[in-house]
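Colleague: Build me a structure from this.
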Amino acid sequence: VLAFAFMLRGDSLVQLRRRDVTISPQGMVLRLQVKTRSRSTATTVHRPGADEVYLAVREWLDDLDGPDQALLWALDPASLDGFPSSCLGQWFQEACTFLQISPPTGELWSSHSHRSGGATAALSIDVPLPAIARFGVWDSMASVQPYLDPSVGPSAEALLFFGHLLKPS
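Modeller: Numbers count the residues shown, from 1 in each chain. Okay, the predicted model is just below:
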């Protein structure tokens with residue numbers, strides 16, 4: 001949910017700690033390192049509002065035990081330096097198998113699917129390209145283009161996750 005809602009690569013979330021996620025009545029804030037920026041520099045991304053996505057993440061965080069510096073995922077911190085990003089795709093495939101869902105014929109789902117799916121969902125509801133690039137922390141307009149599928153139509157889910165990126169009219 002975090003990867004999709006923030007258009008993030010799965011490996012951007014691996015080293016996320018409890019202290020890196022702030023939940024307030026104004027929304028969610030993630031402070032993380034992303035590939036498009038220097039991994040040694042933290043990037044802050046804000047998702048406003050208190051909708052169903054917000055409530056799901058808040059409930060998940062409330063259920064977690066541990067100090068603020070604890071990792072959000074049950075991974076051995078000593079293994080993180082050698083953590084292969086390819087296993088994120090494997091975990092994603094296993095989750096899809098468990099949920100008995102599969103991609104449409106001719107499509108492939110991977111740990112990048114959250115990122116491209118989020119960007120495509122935002123595009124489907126007419127979020128401006130600069131807003132998608134800024135929210136997804138792409139470093140240029142050209143770099144976001146390969147993640148977009150203009151053939152995908154709008155949906156209620158796209159509006160739920162990315163309606164906050166639309167300019168008020």
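
Colleague: ok, and what's touching the lowest-mean-pLDDT helix or strand in the chain?
Modeller: Ranked by mean pLDDT, DSSP states H and E, the weakest helix or strand in the chain is helix 86-98, scoring a mean of 78. When contacts are defined by CB atoms under 8 Å, 6 or more residues apart in numbering, helix 86-98 is touched by residues 10-11, 14, 102, 109-111, 113. All C-beta atoms are positioned from the backbone trio N, CA, C, and that covers glycine.

Colleague: Now do the strands for the protein: every range, in order, please.
Modeller: 21-24, 27-32, 43-48 (DSSP state E).

Colleague: on that earlier part again, can you say which two of the contacts of helix 86-98 are spatially most distant?
Modeller: Largest separation among the contacts of helix 86-98 by CB to CB: Val14 and Ser102, giving 24.8 Å.

Colleague: Count the residues that sit near the nearest residue in space to Thr120 that is not next to it in sequence.
Modeller: Excluding the flanking residues, the one nearest Thr120 by CB to CB, 6 or more residues apart in numbering is Asp149, at 4.6 Å. For Asp149, the count of nearby residues is 14 (other CB atoms under 10 Å).

Colleague: Next one: Asp149 relative to Asp51, how far apart?
Modeller: Distance of Asp149 to Asp51, computed by CB to CB, to the nearest Å: 24 Å.

Colleague: picking that back up, between Val14 and Ser102, point out the one with more neighbours.
Modeller: Val14 (18 against 11).

Colleague: where's the more buried one relative to Gly106, distance?
Modeller: Separation of Val14 from Gly106 (CB to CB) stands at 29 Å.

Colleague: ok, which stretches of this structure are helices?
Modeller: Using DSSP state H, the helices of the chain run over 2-5, 52-63, 86-98, 113-124, 129-135, 141-144, 156-162.

Colleague: right, and those - which one's nearest Arg31?
Modeller: That would be, of the helices of the chain and by CB to CB, helix 2-5, which comes in at 12.5 Å.

Colleague: List the buried residues for that closest one?
Modeller: For helix 2-5, burial by neighbour count (16 or more other CB atoms under 10 Å) applies to 2-5.

Colleague: The residue nearest to Thr120: what's it in contact with?
Modeller: Taking CB under 8 Å, 6+ apart, one finds 116, 120, 123 in contact with Asp149.

Colleague: Repeat that for Ser155.
Modeller: Listed by CB under 8 Å, 6+ apart, the contact set of Ser155 reads 121, 124.
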